[in-house]
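Student: Need a 3D model of the following:
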Amino acid sequence: MKIWVYDQPREVARETFADYLDPATTAVISIDMHRGHLEDSPDCPCPAPRARDVVAPIDAFHRQVRARGMPVVHVKSVLRPGGEDDLRGIPAAWRRTFAQHVGPIPNADAHALEGSRWTEWVTEVLPQDWRVENKRRLSAFYPTDLDFLLRNQGIRTVVFDGGFTDCCVLNSAFDANNHNYRVIVLRDLVRGTDDHLESAALSMVSLHLGLVMDSAELLVTWRG
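Tutor: Below you'll find the model as predicted:
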């Protein structure tokens, strides 16, 4: 099968990573595919325009995952509407640091506020899917109940798609690895700040955290 190691394709024997590839103990985790990142509007409070390109491919991949009887988990950032989780408490670091790169972010104060349209899903979410809707910071595991949900369902491998590759996906991959899950990141179904940081993040995953694969390759490997 083909994996990516430090941004280069590598053929490896499936048996080398057999414990990563059991569909019966695998869940797909889709991160932050909501309007607060994806809306094509000047009011978008935390725009991730590069990720709009993967909405349809992610939906198509998830349909094939569901067809195999495997769970899809949708994780999104949601903050208390009064700001206690962020602006009226200890503000998230990205609010000041990311702005040093992109400049002021109009409407950033509205990012992920509970009850706002910015927390509405853009990708397809079906009733049988699992949802984790209280991500407060960069990792899908903090301070959510994702780990409890996965362990309660006997999940050992997590497959990530969504955004940002160099931010929430990377943080989630680190946390998943530290919680002793097997990690796979789908390079064609994640998007980062730019090509450079996307490549760097995927390279770090490939060296330290787990497998970087294309979604089509993973589907073929599961069938095999």
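
Student: Report the mean per-residue pLDDT for stretch 205-220.
Tutor: Stretch 205-220 shows a mean pLDDT of 98.

Student: Can you report how many residues lie near Asn177?
Tutor: Per other C-beta atoms under 10 Å, the neighbour tally for Asn177 reads 16. Heads up, the C-betas are built off the backbone N, CA and C, glycines and all.

Student: That one - that's part of a strand, no?
Tutor: No. Secondary structure of Asn177 (DSSP: H, G, I helix; E, B strand; the rest coil): helix, not part of a strand.

Student: Can you give me the separation between it and Leu79?
Tutor: Applying C-beta to C-beta, to the nearest Å, the value for Asn177 to Leu79 is 26 Å.

Student: Also Val28?
Tutor: Going from Val28 to Leu79 by C-beta to C-beta gives 25 Å.

Student: Likewise for Glu39?
Tutor: Shown here: Glu39 relative to Leu79, a distance of 17 Å by C-beta to C-beta.

Student: Please say which of the two ends up with more neighbours.
Tutor: Legend: neighbour count by other C-beta under 10 Å for Glu39 and Leu79, higher for Leu79 (25 against 20).

Student: Check the chain for its longest strand and report it.
Tutor: The longest strand of the chain (DSSP state E) is strand 182-191.

Student: What strands line up against that one, and which way round?
Tutor: Strands that pair with strand 182-191, judged by DSSP bridges, come out as strand 157-163 (parallel), strand 210-213 (parallel).

Student: Highest mean neighbour count out of the ones you listed?
Tutor: strand 157-163 (a mean of 27; mean count of other C-beta atoms under 10 Å).
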